[in-house]
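> Got a predicted structure here, sequence first:
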Amino acid sequence: MRVKKLLALLLVVVMVGVVFVGCAPAEEEPPVETIKIGLVTDVGGRGDRSFNDSALRGLETWAGKVKYVKGGGYEAITDAEFDASIPEDLKDRNIQPLGVSAKVLESKDKKDYIPNIASLVEQEKCDLVIGVGFMLAGAIGESAVKYPDTKFMLIDAPPVDEDGNMIDPPNVVGYLFNEHECGFLVGAIAAYATEAGKVGYIGGMPIPPVLRYEAGYRAGLKTIDPSIEIIGQYTGSFTEPALGKSAAESQISQGCDVLFHAAGATGNGMFQSICERGAPYWGIGVDVDMGLDENLCPARTLTSSLKHVDYATYLAIKSVVEDTFHSGLIIMTLKDGGVGYAPDHVADALTQDQIDKVEHLREMMIDGVFEVPTDPPDVDNWTPPTDF
Amino acid sequence: MKDVLKRIVFGKREKYWWMNALVPLISILLAFIVGAIFIKITGRSPVVAYKLLFGASGLFPGPYWKSHFAEMLLSSSMYIATGLGFAIAAKGGLFNIGAEGHFIVGGIAAAYLGYAKPFAGLPKFIHLPLIIVGVMLAGGIWGAIAGYLKAKRGIHEVITTIMLNWIALYLIEAWLVIGPMEAAVETGISGTPYISLSAKLPKILPPTRLNISIIIILAVTFLIWYLFYKTTFGYEIRTMGHTLMFGMEAPKAAGINVERRTIQTMFIAGAVAALGGAFMVLGVLFQYPPIFEGGYGFDGIAVALIGQNEPLGVILAGILIGALRTGATTVQLAHIPKTFPSIIEGFTVGFIALQMLIRYWIMKLIQGRKKSVQTEMGGGAK
Amino acid sequence: MKALEVKGIVKQFPGVLANDNINLSINKGEIYAIVGENGAGKSTLMKIIYGLYTPTSGEIFVFDKKVDIKTPYDAIGLKIGMVHQEFMLIPRFTVTQNIVLGDEPSKGIVFDYKKALNEVEELSEKFGLKVDPAEKVANLPVGIQQRVEILKILRRGAEILIFDEPTAVLTPEETEDLFKTLMKLKKNGKTIIFISHKLKEVIAIADRIAVLRRGKLQGIVERGKTSEVELARMVVGRDVVLKIPKAEAKVGGTVVSIRDLTVKSKRGIIGLKEVSFDVCAGEIVGIAGVEGNGQAELVNALIGFTRPIKGTIAFDGEEIRVITPFNIRKKGMAYIPKDRKMRGLVLPFRSRENIIMGQHTLYPFSKNGVLNNIEIDKFTTKKLEEFDVRPRDIHTRARNLSGGNQQKLILAKEMSMEHKFLLASQPTRGLDIGAMEFVYHKLIEEKERGMAILLISLELSEIMGLSDRILVLYNGEIVGETTPDKTTEEELGLMMLGLKKQKRVAQ
């Protein structure tokens, strides 16, 4: 009898739960007329110290002027904090808070992208939904067709449909970056910094953006000193530091003293290896300014090839706020401030003369004096500029 | 009615037949209570969290129910597949950690058969069954390798299945997807090419993404149940399941070919788990992407444990985990980490592991009750 | 002086009254036996005395003092020691280390091994229990291991020693030695409580015998004032035919013939050396021998668990090249294993599932690979009745059956299978008298039906009583062949120890 009672009790609990969950009114939202910006991370999620964090800075810190409190929720930040968050090379780009409210959904799995976007559109009624990373190309493409009244932004790829064909819906803007341009600059810095005449390159997977980094890097090295030997390899993963470490160890043992990676979290292993050895080895970071990251190896980070996902995100939000949104593909170049390099330890490793030369190359590229190849094999037949 | 239920669901004439269902239920309930305490400790409202979690889980009617429901079943079909992959092997006394490997092998097989030329032109009613058969063969063979090594070489399946998981992962992600199976550069697609239209699983609840995967897996689960409990083959597997892990030899002494059955069991386990990967590729992603972090194989272990390795239990547990995962990302709107549902899943498995204790408590409850009845009656007689 | 007295002990388990108002009074310096069938309540009573269970009601007096024993530590403190059926020794430790474990002599904080060695030597001399204190326990035969257990208890100052079925694991010689040991202990003034279901032993050694049946004390008899038959009646509650009924052998053609069979043991050494013999229809061939002399290897080769390195096994005159359990069973072999739980049954399975194991692929139990539950239930119901398996419920799990009923279930399973040859490996191991009797009857029935039976047993009385021919296995070889009427248990015993060889009767 007691068991039956127990079962009955269970049933009641469950039923009350159903009623409660089913009928409870949606949480009261204060009717504030702010523009809502939704963002769906890829499976890397918040805290990847790379792509997702960069996009979140563009949305939360710059456009929203808030910071994420660990564990959940936002709090406002001071003007000083706001100013400090803007990197050197973007200081003159007039980044101001846009007063939007941020809705961020992280994804646990590839399957989550579409439902996450759906929640942001349907439940949260976001004005703009941002998809971070090429992995969301399909999800953004499909959702854009399904929700024509919502605007979408996709970082690092053009949207595709269910069959993988590139599409161009009127409510999606895709941001691409000229990785080869910033790759070229760090390549030039590496060429000046190396004493051994041998440098290393660690790639995650040979996907187009990573290949562009490699092409730029090789071109930069070739421009300064064609005799420098490059030992490059692809680890096949963006997520495993252990692989990055073993790749770095092998390159160092072959005599490389400057290493550049474009391998996401896999590259953390490279910094670990550099940090354990210290001078004279230098590491070059990717995408964000890794020289600022205490968890990596700030002391031996020569520079970082910056890809301003944060700035692109900010620009997209700004276009929605100012109602100047245009669909299509936008390529972020050196000229736009979309890519660049971080100063980190450049001044310690290079002479002022060398730094000036790098800066000169940068200006030449902005002025369109020469173009950097985008595919590594093309570098061999490419004629580097000589008059810098 | 009760009798019929008893006969179908829980073994026959079990005195405490309801215990098999009550223990997982209590475990789940306890897990939710502990989860609530956790949320409370971190200073947030468990009520809001659970409301969001279940509101978006697809289990209960509410706003946007249709799409949540569809997403839930979509996830569930994959969890049921990998859960069965573990449960089938467990029925045969094997501890199969390989569902993750089977899942991605199934995924890559589905992608290949879905886009490769000789198949891609076929009509859907031929192409789709062909892919399903191919996927099950591929996963089955991958599983059978571990079975073979166990049966003929005596290497423990835990070790081989874990190693095979890594082998599968690197074969696929570090070679196939960026090598022979990579989409042509000019298409701009990373990963394998997209599968042809004829390879996509038909949708059954437009405009949602829900497709026939849930129907396929329910049918497969029924077949597995039939196999276990109605056939001599299943009978033999069950004899092994109760003895193999303890080094007992009764089935072998009775003339059952334990070695062959071990290989066959692992084949079936691999084949069913591989279906999960096929559902992912044929119904959700439509290609095999360059990185395919799923974890469905490992969650399958949890599903099987919560489902007590019984086919019906695996279905219910698969739906539960599918619902938790569907509701998972939405709890972030209440500023609760997306991993929260995984914590609940973990606690549930933890409490399931304590099931002997829970059983003991329940028995004590019943017996305490009986005893008090006896003394009351005894007192009355005086 | 009374060494131990229990008054009105009651122990209630859920659903079972294990001890029902037991009153015993044991004098100092006597050997007191407690006998009863499996499940009669002997072990429960001993566990209460040793502090492993608390009684529902009742009182215990040790040396005339009322005591409250809550844990084994209390019992040890009261100078009560127990030799368990499974020894609590660490195989990799030496005899000395095992004996002093938990109470080591020490120099400061360092273990004083020398002192311990001396202590153990003294102890073994004092009680006349010879052991090599420096030998590793793993290298000792079971009988000596038991001696180590006894020494361990004596060192803790035990005055009352409880032996729980001490002869179950011993060979006849070792049993003899144990009895000598017990007499020595008695001379030293120790009190011994001896639990057994082997009546012959009890009559040989005990001063007084208490008989338990279904938790109740049936009576206490004194040495020399009872017979085995009378005692058996008290134990079982009815007349028991302990004399095994003889049936004339109507020997038919050869069913199994084994030639030059040589088999490696699990440890990789030759366990069975060039053994040859035949088993004919309608006869029981008994294999006598001390355990570990090649029985396991013979069994494993016969059922196809181990591949012989030499020799042949022929069935019905036809040599079987590769023996697997499947194909030898197909030829018609039934097998009663010595270890029911390991090889006989699937413990979590129900009776109805266990009973068809091995014949589940045959009609009517299944057709085209699909089980026919109705036929299986019908068959099971019939067989449970026929083999008197209790409870009769076809849904009982084997785990919940008593040892005797598990064995009956195995007999039902094996004997209902179509077969010509029955390999019975220690079929009465661990059974009580009632179940033993049942097994004997079934074996004789089989023989009368014209089956060829190979009986492997450690019990000489069983071999003598049942066999038509006896082969003696020693050190992997057959050292003698005889018939029960041409030999005595003594002579067999000598052969089993390799002390006497006998020319084999020509094949």
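Nice, I can see it.
> Does chain A have contacts with the longest helix seen in chain B?
For chain B, the helix reaching the highest residue count under DSSP state H is reported as helix B:124-153. No: residues of helix B:124-153 contacting chain A under C-beta under 8 Å from any C-beta of the partner chain: none, with a closest distance of 14.9 Å. (Each C-beta comes from the backbone N, C-alpha and C, glycine too.)
> Check whether that helix comes near chain C.
No: against chain C, helix B:124-153 shows no contacts by C-beta under 8 Å from any C-beta, the least distance being 13.3 Å.
> Break down the stretch 101-250 of chain A into its strands, ranges please.
Taking DSSP state E, counting those that start in this stretch to define them, one finds strands in the stretch 101-250 of chain A at A:101-105, A:128-131, A:151-155, A:172-177, A:198-203, A:229-234.
> er, the stretch 51-200 of chain B I mean
With DSSP E, counting those that start in this stretch as the criterion, the stretch 51-200 of chain B has no strands whatsoever.
> In a strand, residue C:422, correct?
Yes: under DSSP: H, G, I helix; E, B strand; the rest coil, residue C:422 sits within a strand.
> related to what we said a few turns ago, I'd like to know which elements the longest helix of chain B is packed against.
The contact analysis (3 or more C-beta pairs under 8 Å, 6 or more residues apart in numbering or on different chains; DSSP states H and E) places helix B:124-153 against helix B:99-115, helix B:117-120, helix B:157-171, helix B:258-280.
> Tell me how many other residues surround residue A:294.
Applying the criterion other C-beta atoms under 10 Å in any protein chain shown, we find 6 residues in the vicinity of residue A:294.
> contacting residues for whichever residue of the stretch 351-500 of chain C sits closest to chain B?
Taking C-beta to the nearest C-beta as the measure, the point where the stretch 351-500 of chain C comes nearest chain B is residue C:358, at 3.7 Å. The neighbours of residue C:358, taking C-beta atoms under 8 Å, 6 or more residues apart in numbering or on different chains as the test, are B:254-256, C:329, C:413-414, C:417.
> Now do it against residue C:7, distance only.
Per C-beta to C-beta, to the nearest Å, residue C:358 is found 52 Å from residue C:7.
> How about residue A:149?
From residue A:149 over to residue C:7 the distance is 91 Å, taken as C-beta to C-beta.
> Can you lay out the helices and strands packed on helix B:124-153 as a markdown table showing mean neighbour count and distance to chain A?
Conversion of these to a markdown table gives the following (neighbours: other C-beta atoms under 10 Å in any protein chain shown; distance: least, C-beta to the nearest C-beta, whole Å):
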| stretch | mean neighbour count | distance to chain A |
| --- | --- | --- |
| helix B:99-115 | 30 | 10 |
| helix B:117-120 | 12 | 12 |
| helix B:157-171 | 19 | 7 |
| helix B:258-280 | 28 | 7 |
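> nearest to residue A:199, of those helices?
Set against residue A:199 and scored by C-beta to C-beta, those come closest in helix B:157-171, at 27.2 Å.
> That closest one packs against which elements?
In terms of contacts (3+ C-beta pairs under 8 Å, 6+ apart), helix B:157-171 is packed against helix B:99-115, helix B:124-153.
> quick one, it and helix B:99-115 angle?
Angle, helix B:157-171 to helix B:99-115, by axes from the mean of the first three to the mean of the last three C-alpha atoms, to 10 degrees: 40 degrees.
> circling back: doesn't the residue of the stretch 351-500 of chain C closest to chain B lie inside a helix?
No: under the criterion used here (three-state DSSP), residue C:358 is coil, not part of a helix.
> returning to what we had before: what is the orientation angle of the longest helix of chain B with helix B:99-115?
Taking the same axes, to 10 degrees, one finds that helix B:124-153 is oriented at 150 degrees with respect to helix B:99-115.
> buried set for helix B:124-153?
Neighbour-count burial for helix B:124-153 flags B:127-128, B:131-132, B:134-136, B:138-151 (criterion: 16 or more other C-beta atoms under 10 Å in any protein chain shown).
> For whatever residue of the stretch 351-500 of chain C ends up closest to chain A, grab the count of nearby residues.
In the stretch 351-500 of chain C, the residue found nearest to chain A is residue C:395; the distance is 20.9 Å by C-beta to the nearest C-beta. Neighbourhood size, residue C:395 [other C-beta under 10 Å]: 16.
> Repeat that for residue C:122.
Under the neighbour criterion other C-beta under 10 Å, residue C:122 is assigned a count of 11.
> From chain B, how far out is it?
Summarising the geometry, the distance separating residue C:122 from chain B, computed by C-beta to the nearest C-beta, to the nearest Å, is 42 Å.
> would you turn the helices and strands packed on helix B:157-171 into CSV with mean pLDDT?
Output for the helices and strands packed on helix B:157-171, formatted as CSV (pLDDT from 0 to 100):
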stretch, mean pLDDT
helix B:99-115, 95
helix B:124-153, 95
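> Show me the one of those helices that comes nearest residue C:114.
Closest among the helices and strands packed on helix B:157-171, using C-beta to C-beta: helix B:124-153, at 48.6 Å.
> Between residue A:149 and residue C:7, which is the more surrounded one?
Neighbour totals were compared for residue A:149 and residue C:7, and residue C:7 leads with 15 against 7 (other C-beta under 10 Å).
> Residue C:59 versus that one, what's the distance?
Here residue C:7 is placed at a distance of 5 Å from residue C:59 (C-beta to C-beta).
> For my notes, confirm the residue of the stretch 351-500 of chain C closest to chain A occurs in a helix.
No: the assignment for residue C:395 (three-state DSSP) gives coil, which keeps it out of a helix.
> where does the stretch 401-507 of chain C have low pLDDT?
Within the stretch 401-507 of chain C, the set of residues satisfying pLDDT under 70 comprises C:502-507.
> quick one, helices of it?
Taking DSSP state H, counting those that start in this stretch to define them, one finds helices in the stretch 401-507 of chain C at C:403-415, C:433-448, C:460-466, C:489-496.
> element containing residue C:210, please.
With the criterion set as DSSP states H and E, the secondary-structure element containing residue C:210 is strand C:208-213.
> avg pLDDT for that strand?
Strand C:208-213 shows a mean pLDDT of 90.
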